[in-house]
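A.B. asks: 3D, please:
(chains A and B)
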There are 2 protein chains.
Amino acid sequence: MKHGEAAVGIDVGGTNTKVAMVSARGKLLEMEEIPTRSQEGPALFVRRVCRVVAGWKGRGPRLCGAGLGLAGDVDSEKGSLRFTPNLKGWDGFKFKSAFERGLGLPVVVDNDANLAVWGAYVLELKRQYRNVAGLTLGTGVGGGIILDGRLYRGATGSAAEVGHLCVEPGGAKCHCGQRGCLEAYAGSYGILRTARGLLARGGSSILSRRKGLTPLHISQAAEQGDALARKVWALTAERLACGIADIVFTVNPEAVILLGGVSRAGKWLMEPLRRELWKKPFKTPFHSLVLRAADYHNGGCLGAALIALER
Amino acid sequence: MKHGEAAVGIDVGGTNTKVAMVSARGKLLEMEEIPTRSQEGPALFVRRVCRVVAGWKGRGPRLCGAGLGLAGDVDSEKGSLRFTPNLKGWDGFKFKSAFERGLGLPVVVDNDANLAVWGAYVLELKRQYRNVAGLTLGTGVGGGIILDGRLYRGATGSAAEVGHLCVEPGGAKCHCGQRGCLEAYAGSYGILRTARGLLARGGSSILSRRKGLTPLHISQAAEQGDALARKVWALTAERLACGIADIVFTVNPEAVILLGGVSRAGKWLMEPLRRELWKKPFKTPFHSLVLRAADYHNGGCLGAALIALER
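C.D. replies: Okay, the predicted model is just below:
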């Protein structure tokens, strides 16, 4: 990586894909969102992304590489998906070599949550911390772990699948098919299930009149003093604390950072979460832990470009 | 480390302490067990251990260092205990400098489970694997994590406190004061509680006549075809699988190794454990996982010496 260089970051979602050009200092120089259209197959998708990048020709600094974030079980070495619930028929396709041919650049392929956490780490935490765990709180819950200043991938690239930590054996159903996963409580669908459960028990709340409920509505209601909404965040914090405690007991990071839409719930989530973690009888790893929500919410495409710049 | 060198390994238990001289190839050259007598204070203890080592003078190869394993929250840099439930009044004492003066050797101080796992790793797994998690199954449950071939300690030396992963929120009481910890089910006191619970419900078993029940008795009864004993191991395996799955989802190791007395339960524990882990919907990290019980059961003193030899 040199100053005056840039990289391409590609964050593939089930519906839309973000393509960005990012400078070596982490500045977003260009960004375009295109529909993913997974049913058209991965080869056509690669061509459409390459066309976006080609359109930036001559506009920015020299490109030195590209990073690609995919939701699912990613084989980083082969640069392909082993398994993906949202991009049907895309597993097995060799994204790394296809993009390397299409862009004429070296390409890094990784899990989208790993790259989002890497981005937040580089932009917000790298100067102070070497060992960090990040959780991406969206529809699902993912994560990334940074050890000794580097993204830790594990034996098969499956490290930090923290959405599937068990926080309630036999509990609520998770999208993965198991029961009681962290995601089933702290993913947005889990949070909405908790809210609907409390509303069904007849709690009085401004949320009971709300159609198309989202976690943002629950945050706004909590802000307005709604007791049921605050209870939803307290219950979510309890489950999230259980998952974070498991991560802390295992890897003992200096900091835990929360990313994604749900992390914007602010103090209604963060305050009960801190209280829960502070209560642990093993004081050292918890009392020294820095816990914060990311300021930076640009998804995986910044992180994808930043990891390519790291190479 | 050179061939023809050796190190001292010291494994401090609440009742007894093992002191060993270990060769660079991991061979146990000398071993002595002395009472810990924690009530006499740490300074006298250090002197008694040093006297044992002095007694070996001239007998083995040149000593290049010593390793000390302590149960509790260890500050490896200072070489002292921050907190310990079993060695009252020993916290804060500077073991590292006291032993360095007493032995005239460089001394490494670490958590006893970390060192036991390090020993098993070096002797059994190092040639094949770089990322390994180990669980020590004794009265309590501890652990150690090896990443990229090195013992991983975390931000405050508290990594791999896997006995306190939450496997049942609000569940059985753990020695740490929390409820539902892995140790409360897979530590020997937890296993005995499970057995007593089944016996109290009136299950017919050869264990019902047994006084002073131990996990070994439960293994022997399982071997003899006792259905209640086998049920105890199946229930223990279920909880242990939950904790191991949390570790796998977090650090995705190539291998998990079980150490300590309980790991000798053999197939009555290992077979249901493998079945539980194999069921996970995330196949890659679990289907590639090597799970085994350690062949080597010499406690922490071998690992303590081996980590000193690593320096």
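A.B. asks: Could I get the average pLDDT for stretch A:264-284?
C.D. replies: Throughout stretch A:264-284, pLDDT has a mean value of 91.
A.B. asks: got the buried residues for that stretch?
C.D. replies: Residues A:264-265, A:268-270, A:272-274, A:276-277, A:280, A:282, A:284 are the ones in stretch A:264-284 that count as buried (16 or more other Cβ atoms under 10 Å in any protein chain shown). Backbone N, C-alpha and C define where each C-beta goes, glycine included.
A.B. asks: now the lengthiest helix in chain A and helix B:227-251, what's the angle there?
C.D. replies: For chain A, the helix that runs over the most residues, judged by DSSP state H, is helix A:227-251. Counting by axes from the mean of the first three to the mean of the last three Cα atoms, to 10 degrees, helix A:227-251 lies at 90 degrees to helix B:227-251.
A.B. asks: Report the distance from helix A:227-251 to the chain centre.
C.D. replies: Centroid separation for helix A:227-251 versus its chain: 17 Å, with Cα atoms, centre = their mean, to the nearest Å.
A.B. asks: Over to stretch A:115-134?
C.D. replies: Centroid separation for stretch A:115-134 versus its chain: 12 Å, with Cα atoms, centre = their mean.
A.B. asks: For it, the averaged confidence score.
C.D. replies: 95.
A.B. asks: Please say whether there is contact between it and chain B.
C.D. replies: Yes. Stretch A:115-134 lies within reach of chain B by Cβ under 8 Å from any Cβ of the partner chain, at A:Asn131.
A.B. asks: Among the buried residues of stretch A:264-284, name the ones in helices.
C.D. replies: A:Trp268, A:Leu269, A:Met270, A:Pro272, A:Leu273, A:Arg274, A:Glu276, A:Leu277, A:Thr284.
A.B. asks: Closest one of those to A:Val49?
C.D. replies: Distance to A:Val49 across those (Cβ to Cβ) is lowest for A:Leu269, with 34.5 Å.
A.B. asks: so how far is B:Ala20 from the closest one?
C.D. replies: Distance, A:Leu269 to B:Ala20, using Cβ to Cβ, to the nearest Å: 50 Å.
A.B. asks: same question, A:Val107
C.D. replies: Applying Cβ to Cβ, the value for A:Val107 to B:Ala20 is 51 Å.
A.B. asks: Flag the shaky bits of the stretch 151-300 of chain A, pLDDT-wise.
C.D. replies: Residue ranges of the stretch 151-300 of chain A with pLDDT under 70: A:297.
A.B. asks: change it to 90
C.D. replies: Applying pLDDT under 90 to the stretch 151-300 of chain A picks out residues A:175-177, A:202-204, A:209-211, A:260-266, A:280-283, A:295-300.
A.B. asks: Residues of it that sit close to chain B?
C.D. replies: So the stretch 151-300 of chain A meets chain B at A:152-162, A:164-169, A:176-178, A:242, A:245-254, A:280-285, A:288 (Cβ under 8 Å from any Cβ).
A.B. asks: Just the buried residues of these.
C.D. replies: Using 16+ other Cβ under 10 Å as the burial test, these include A:152-162, A:164-169, A:176, A:178, A:242, A:245-254, A:280, A:282, A:284-285 as buried.
A.B. asks: Let me see the confidence value for A:Met1.
C.D. replies: For A:Met1, the predicted pLDDT is 49.
A.B. asks: quick one: contacts for A:Pro215?
C.D. replies: A:Pro215 makes contacts with A:Ser188, A:Ile191, A:Leu192, A:Gly261, A:Val262, A:Ala265, as judged by Cβ atoms under 8 Å, 6 or more residues apart in numbering or on different chains.
A.B. asks: give the contact list for the last one.
C.D. replies: Right, A:Ala265. Residues near A:Ala265 by Cβ under 8 Å, 6+ apart: A:Pro215, A:Ile218, A:Ser219, A:Ala222, A:Trp233.
A.B. asks: State the distance from the closest residue to chain B within the stretch 201-311 of chain A to B:Ala155.
C.D. replies: Chain B sits closest to A:Asn252 of the stretch 201-311 of chain A, with a gap of 2.6 Å, by Cβ to the nearest Cβ. Relative to B:Ala155, A:Asn252 is positioned 5 Å away (Cβ to Cβ).
A.B. asks: which residues are common contacts for the two?
C.D. replies: Common neighbours of A:Asn252 and B:Ala155, counting by Cβ under 8 Å, 6+ apart, are A:Asn131, A:Pro285.
A.B. asks: Please enumerate the helices of the stretch 51-200 of chain A.
C.D. replies: Taking DSSP state H, counting those that start in this stretch as the criterion, the stretch 51-200 of chain A contains helices spanning A:95-103, A:112-120, A:183-186, A:188-200.
A.B. asks: got TSV for these, with mean neighbour count and distance to B:Arg210 too?
C.D. replies: Putting those into TSV (neighbours: other Cβ atoms under 10 Å in any protein chain shown; distance: least, Cβ to Cβ, whole Å) gives the following:
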stretch	mean neighbour count	distance to B:Arg210
helix A:95-103	19	60
helix A:112-120	29	50
helix A:183-186	28	41
helix A:188-200	19	45
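A.B. asks: which one of those lies closest to A:Glu33?
C.D. replies: From these, taking Cβ to Cβ, the stretch that ends up closest is helix A:112-120, at 14.9 Å.
A.B. asks: Go ahead and name everything in contact with the closest one.
C.D. replies: When contacts are defined by Cβ under 8 Å, 6+ apart, helix A:112-120 is touched by residues A:9, A:11-12, A:26, A:67, A:69-71, A:132-136, A:142-146, A:151, A:153, A:160, A:257, A:259-260, A:294, A:296, A:298-300, A:302-304, A:306-307.
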